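# Output the structure for:
(3 chains)
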Amino acid sequence: MQMSSIVKTTADILFPFILIYGFYIIIHGHLTPGGGFQGGAILASGVLLLLLAYRYSESTQIVRQVMMKTLESTGLLLFIIAALSAMVIGAGYFFNWLSPGGFIFGDIVTYGSTVANLNTGGLIPIMNLAVGIEVVGAISVILLALLSGIKEKI
Amino acid sequence: MSQYAALLLAIPLLAAFAMPLTGLIGKRIRNSWAIIAMLATVTAALLLVWEVLTQGTIVYAFGAFDSAQAIPFDSGGVPIRILFVIDAMSAFMILTAAIMMFAATLYSISSESEQTGQDGYYALLFLLMAGIFGMVSTGDLFNFFVFLEINSLAGAALAAYRIKGGVAVEGGLKYAFISTVAGLFFLIAVGMLYGQYNSLNIAYIASVIDFTGLSLVAVVLMIVSLAMKSGSVPMHFWTPDTYSSAPSSITALLIVSSMASLYAIFRIAFSLFGLTMNVVTIGWVIIILGILSMFIGVSMALPQKDVKRLMAYHSVSQIGYMLVGLGVGVAVLGDAQMLAQFGVVAMEGGIFHIINYALYKGLLFLIAGAVIYRCGTANLNDLGGLGHSMKWTMGFFIIAALAIAGIPPFNGFASKLMIYESVFIFNPFIAVIAMVVSIMTLASFVKVFHSMFMGPKLPQYETVKEVPMPMLIGMGLLAVLIILFGLFPDLVVNTLVEPAALALLDRSGYIASVMGGI
Amino acid sequence: MIEQIPYLAVILIAGIGIATILLKKNLIKMIMGLAIIEGAANLFLIILGYREGGIAPIFTNAPGGEMVLPTVQAMTLTNIVIGFATTALLLAFAIIIYRKYGSVETNNIRRLRE
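From the prediction side, this is the model:
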């Protein structure tokens, strides 16, 4: 149903900030609390804000179901290809081959209380990103399906 | 280094995740991607089973550079990573699951060809198979819980696949509720064990376990939740509704899922707790659950009019046979002389019955699905005279019905004879109940055969032909295996079943394969 | 006795959840009871990891001292994700049942009979 223009304008302004906050939580998952699922849920709450502020027929022109399903499949495929890529170099499944000295995310961490360095962690931030993309796609598909049955008055 | 254990899990997951993208491209590409992935998984499973039977237990550590090294060098002798421990019993269950996956996927190519939403169907099918393979090969309690939940959710969504009439959704809802409550009880038990021993690895807990009151609560919660999931008697009410309203190939896979829960009860009773718990009490509890399942299952099956509900009640009664066979094994675990005399034979009978039950019950459900596919109804009062037009289906039905009743040249006879012989020495009353149940099973299947296939040809089924070729190949594979297992039971028992039973009894060998003989 | 209060709270919340599933007739309320039992299981797992005077298990700029157990926190996160997926699936089933049968009371959705 149609919300007033105060709600629509506030949703428009808040949406980029929620996106930035969600990506911050995803990408810092190996240093601070958070990670893939939590950041993806925050991104999906931003999408939900847009879905609630506008009418269903208007908001589905911005957030389409095919786009969200493609996001979900891409995230899942990135995760499993990252896991299988360790078997290519002859190690076990899920082996963290970028951690000591790889070409991205490859700095070495000393044990104990340290200052945080984003460039560490190896394969873990890549998997966090994959899970985050997948979660925002999956939750958006669920929300679109659940909202499609509401009869609108105006 | 053997990589087949990781490939067994990775290929179904890759196939499931890529299925929506291939569905966007086209229908024939998606069907061929499903068949290719299924053949790759079955090949990996067979190679893995071959490797375990010739080389002994395989231990695979995830996330390590050298995956055969279970304990990292800087951890102080404690296995930290998630391990897959595949001994002969796990290999047996992997073989069963691979055979059923082959038959069910081939069957679904043609039986679901006119439904919408097939992308989701095949993706969930591969997720269900990944869950089953993970459940039977893992050596870590929390990993088992995660695969149990994957299994339940994929199975519930597939059971409710045909949402047009609405009844299938009701069956799927009951399955989802029961599975979730069972999973939560299991998680509380895992939490109790973690709080005491600070580890989640089955072999490590088995080497330091000490039976206190808290461990008793944990083992009771685990056995109750896994019995709920596999459909034995006090908690069997979801079985007829779910098995009768799901598509038939999915029912065959849900049966393998309940077999995997049964495997978990025996893994916990033999390898995790072993002789530290009071084996006589818990063995008798399992035997009583088995007797109730056998008897109540077959008594409620006789007056049914819907053919799939009748078969679902029979599946409750067959689970009772397996529980009785392995319960006798648990109850005599402490007494070495009784164990050598009849305990090992009882366990071998129960384990052999697992694969026989999956084969003939899967074939029966696929046949019922074939009849419903051509005739549109499942009510026995309306069907009749199909023997004139569906000759191959009638032949497969005769083979499967004789196998489930335990008639000699088929495989049901071999496993039931082993169970009767050993249980008779243990307690003759139980063996007599088992034989009476077998006679009642034969009676109800004679009724089904007469109503479905005998009699004159009815006018409303004039245009009914035989079912398409992929369905016949799927059913034919199961029928050929039933006949082969019935003609050469000695070969099967010596190669597959006896290593499995000995691997379950050998608790210290299981611990030594992970902890390295410490 | 005061250390046992969190465990008593877990039993109480689980009891409320089980009573809700058994006594209520509306499908949505039964799903809520299932969510309450999941909350009790998560609470039980987190309580297991507590150590007296412990700090959060993060190595970035950590002050000294004993840390609480992090493995149970990972188990709880996994259970929250599983619970979310289960609730979404059950609610989708409830919507379809409402469309086909016309009500969500369990007395009226019994078409699968003996």
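
# what's the residue of the stretch 401-518 of chain B found nearest chain C in contact with, if anything?
Nearest residue of the stretch 401-518 of chain B to chain C (CB to the nearest CB) works out as B:Ser444 at 15.2 Å. Every C-beta, even on glycine, is put in place using the N, C-alpha and C of the backbone. Residues in contact with B:Ser444 (CB atoms under 8 Å, 6 or more residues apart in numbering or on different chains) are B:Val298, B:Ala301, B:Leu302, B:Leu310, B:His314.

# okay if I get the residues you listed as TSV plus secondary structure?
Shown next, in TSV, are those (DSSP: H, G, I helix; E, B strand; the rest coil):
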residue	secondary structure
B:Val298	helix
B:Ala301	helix
B:Leu302	coil
B:Leu310	helix
B:His314	helix
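
# Next secondary structure element downstream of the helix or strand harbouring A:Leu19?
Per DSSP states H and E: A:Leu19 is located in helix A:5-27. Sequence-wise, the next helix or strand downstream of helix A:5-27 (DSSP H and E) is helix A:36-53.

# So for the following helix or strand past that following helix, what gets flagged as buried?
As assigned by DSSP H and E, the chain's next helix or strand after helix A:36-53 is helix A:56-59. Across helix A:56-59, burial judged by 16 or more other CB atoms under 10 Å in any protein chain shown covers A:Ser59.

# On the three-state scheme, the residue nearest to the spatial centre of chain A is what?
By CA atoms, centre = their mean, chain A has its centre lying nearest to A:Gly132, at 2.7 Å. Three-state call for A:Gly132 (three-state DSSP): helix.

# for chain C, what are the nearby residues on chain B?
Proximity of chain B to chain C (CB under 8 Å from any CB of the partner chain) is limited to residues B:142, B:146, B:149, B:153, B:156-157, B:160, B:163, B:165-167, B:169-173, B:176-177, B:180-181, B:183-184, B:187-188, B:191, B:194-195, B:200, B:240-241, B:244-245, B:304.

# Just the residues you listed: which are in helices?
Counting by DSSP state H, the part of those found in helices is B:142, B:146, B:149, B:153, B:156-157, B:167, B:169-173, B:176-177, B:180-181, B:183-184, B:187-188, B:191, B:194-195, B:240-241, B:244-245.

# Between helix A:36-53 and the helix holding A:Leu19, find me the angle.
170 degrees (axes from the mean of the first three to the mean of the last three CA atoms, to 10 degrees).

# ok, of the contacts of B:Ser444, which come out buried?
Buried, going by 16+ other CB under 10 Å: B:Val298, B:Ala301, B:Leu310, B:His314, out of those.

# ok, those vs chain A, which is closest?
B:Leu310 (36.0 Å).

# Could I get the contacting residues of that closest one?
Counted by CB under 8 Å, 6+ apart, B:Leu310 has contacts B:Ala301, B:Gln304, B:Leu380, B:Ser444, B:Val448.

# from these, which single one is nearest chain A?
Of the contacts of B:Leu310, the one sitting nearest to chain A (CB to the nearest CB) turns out to be B:Gln304, at 36.1 Å.

# Got the phi and psi for the closest one?
phi -80, psi 150 (degrees, to the nearest 10).

# I'd like to know which helix or strand in chain B has the lowest mean pLDDT.
helix B:336-338 (a mean of 78; mean pLDDT, DSSP states H and E).

# Could I get the full set of helices for chain C?
Taking DSSP H as the test, the helices found in chain C are C:5-23, C:27-48, C:71-101.

# okay, these in a markdown table with mean neighbour count, mean pLDDT and distance to chain A next?
Shown next, in a markdown table, are the helices of chain C (neighbours: other CB atoms under 10 Å in any protein chain shown; pLDDT from 0 to 100; distance: least, CB to the nearest CB, whole Å):
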| stretch | mean neighbour count | mean pLDDT | distance to chain A |
| --- | --- | --- | --- |
| helix C:5-23 | 14 | 93 | 21 |
| helix C:27-48 | 19 | 94 | 13 |
| helix C:71-101 | 18 | 92 | 5 |
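
# so which of those helices gets nearest A:Gly112?
Among these, the nearest to A:Gly112 by CB to CB is helix C:71-101 (19.3 Å).

# now the closest one against helix C:27-48, angle please.
180 degrees.

# near chain B, anything from helix C:71-101?
Yes: counting by CB under 8 Å from any CB, chain B has neighbours in helix C:71-101: C:71-72, C:75, C:78-79, C:82, C:85-86, C:89-90, C:93-94, C:96-97, C:100-101.

# just to revisit the earlier point, need the mean per-residue confidence for the helix holding A:Leu19.
Rounded to a whole number, the mean pLDDT of helix A:5-27 is 93.

# now it: how far from the chain's centre is it?
Remark: helix A:5-27 is offset 14 Å from the chain centroid, using CA atoms, centre = their mean, to the nearest Å.

# right, and the pair among the buried ones among the contacts of B:Ser444 with maximum separation?
B:Val298 and B:Leu310 (10.2 Å).

# So which elements touch whichever strand or helix holds B:Ala98?
If you go by DSSP H and E, B:Ala98 is part of helix B:88-111. The elements that helix B:88-111 packs onto, with contact taken as 3 or more CB pairs under 8 Å, 6 or more residues apart in numbering or on different chains; DSSP states H and E, are helix B:27-55, helix B:118-137, helix B:248-267, helix B:344-375, helix B:469-487, helix B:498-505.

# ok, and does the second one reach over to chain A?
By that I understand helix B:118-137. No: figure legend: helix B:118-137 not in contact with chain A (CB under 8 Å from any CB); closest approach 9.3 Å.

# Which positions in that helix come out as buried?
Under 16+ other CB under 10 Å, the buried positions of helix B:118-137 are B:118-119, B:121-137.

# Taking helix B:248-267 as reference, get the angle to it.
Using the same axes, to 10 degrees: helix B:118-137 against helix B:248-267 is 20 degrees.

# Distance from the chain centre to helix B:118-137, please.
For helix B:118-137, the distance to the chain centre is 14 Å (CA atoms, centre = their mean).

# what helices or strands is it leaning on?
Against helix B:118-137 (3+ CB pairs under 8 Å, 6+ apart) you get helix B:4-25, helix B:27-55, strand B:83-86, helix B:88-111, helix B:141-159, helix B:248-267.

# same for the longest one, what does it pack against?
In terms of contacts (3+ CB pairs under 8 Å, 6+ apart), helix B:27-55 is packed against helix B:4-25, strand B:58-61, helix B:88-111, helix B:118-137.

# Mean pLDDT for those - can I get that in TSV?
Below are the helices and strands packed on helix B:27-55 laid out as TSV (pLDDT from 0 to 100):
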stretch	mean pLDDT
helix B:4-25	88
strand B:58-61	86
helix B:88-111	91
helix B:118-137	92
